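**Q** 3D, please:
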Amino acid sequence: MRELWDVSSPAGAPSARLSGVRVAQGRVVRGAIRTRARFPEGTRLTLVQHDDRSPVPLDPDEEVGIRQGLAEIEAGKGIPGDRLRRILRRRR
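**A** Have a look, this model is predicted:
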């Protein structure tokens, strides 16, 4: 397990600073996440699936929009998933 303290971007691109983020790897085995990492009981985790496909290219405005959306979610201004699904179903 390693700790991340800074994420750098190419010159001129926005950058982010992550404080005290721990990164651990694991695998899904029979539907459960398996890792050797140990976290205290009640620790909140964010899981990111590894994807071998090439990344989606974003222009700077799209990237800013995604960053703003993530910040809103972290601030508690997001929409619960079930509500979002209902909204999207009505638009079909």
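**Q** When you work out contacts or count neighbours from here on, use the C-alpha atoms and nothing else.
**A** Will do.
**Q** Tell me where the model's unsure across this structure.
**A** 1-21 (pLDDT under 70).
**Q** how about 50 then?
**A** By pLDDT under 50, the low-scoring segments of the chain are 1-16.
**Q** List of residues touching the longest helix anywhere in it?
**A** Across the chain, the longest stretch assigned as helix under DSSP state H is helix 60-74. Helix 60-74 is contacted by residues 78-79 when judged by CA atoms under 8 Å, 6 or more residues apart in numbering.
**Q** Tell me how many other residues crowd Leu58.
**A** Per other CA atoms under 10 Å, the neighbour tally for Leu58 reads 10.
**Q** what does Asp59 give?
**A** 8.
**Q** Over to the one 4 residues further on?
**A** Glu63 has 13 neighbours, counted by other CA under 10 Å.
**Q** Next: Val23.
**A** 13.
**Q** Could you export the longest helix of the chain as CSV, CA atoms only?
**A** What follows is helix 60-74 as a C-alpha-only set of coordinates in CSV (Å, rounded to 0.1, in the frame of the first residue of the first chain):
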residue,chain,number,x,y,z
PRO,A,60,-10.4,21.4,-20.9
ASP,A,61,-14.0,22.6,-20.5
GLU,A,62,-15.3,19.0,-20.1
GLU,A,63,-12.5,18.3,-17.6
VAL,A,64,-13.4,21.4,-15.6
GLY,A,65,-17.1,20.3,-15.6
ILE,A,66,-16.2,16.8,-14.3
ARG,A,67,-14.0,18.3,-11.5
GLN,A,68,-16.8,20.7,-10.5
GLY,A,69,-19.4,17.8,-10.5
LEU,A,70,-17.1,15.7,-8.3
ALA,A,71,-16.6,18.6,-5.9
GLU,A,72,-20.4,19.1,-5.7
ILE,A,73,-20.9,15.4,-4.9
GLU,A,74,-18.3,15.6,-2.2
